[in-house]
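Asker: Requesting a structural model of the entry that follows:
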Amino acid sequence: FESGTQRGERVRMEVEARMMQTRASGVVTTTKEGYLLKKSTNSYRANDWKRRYFRLDSAGNLTYQGSHKANGKPEEQTTVLLLLSTIKLG
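Answerer: Numbering: from 1, shown residues only. Next up, the predicted model:
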């Protein structure tokens, strides 16, 4: 059985290894992609979660596309550099 802390450490080490390979080769590839739930930061409701399509690349960038606005155009992409972020696992 793996605790949340152990799992977090294992995932961090895997991401760091991929990032080092990317720096050495200079080629950035998609590591994982799919839908996740993102908690809204500017909502007055406590449990407001939005479904977003995320892409994690081998350089440690997590990019997601916002929902479509009323005019039908998608919001800008947002990229988070995971090396500078704190990640909490369930």
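Asker: which element follows whichever helix or strand Y53 is part of toward the C-terminus?
Answerer: Using DSSP states H and E, Y53 maps to strand 49-57. Going down the chain from strand 49-57, the next helix or strand is strand 61-65, by DSSP H and E.
Asker: what's the helix or strand for R23?
Answerer: With DSSP H and E as the criterion, R23 is inside helix 4-25.
Asker: Quick check: buried residues in that helix?
Answerer: Across helix 4-25, burial judged by 16 or more other C-beta atoms under 10 Å covers V15, R18, M19, T22. All C-beta spots, glycine's among them, are computed from the backbone N, C-alpha and C.
Asker: Would you pull up how far that helix lies from the middle of the chain?
Answerer: The chain centroid and the centroid of helix 4-25 are separated by 14 Å under C-alpha atoms, centre = their mean, to the nearest Å.
Asker: got the angle between it and strand 61-65?
Answerer: An angle of 100 degrees separates the directions of helix 4-25 and strand 61-65 when computed by axes from the mean of the first three to the mean of the last three C-alpha atoms, to 10 degrees.
Asker: mean confidence score for helix 4-25?
Answerer: Here helix 4-25 scores 79 as its mean pLDDT.
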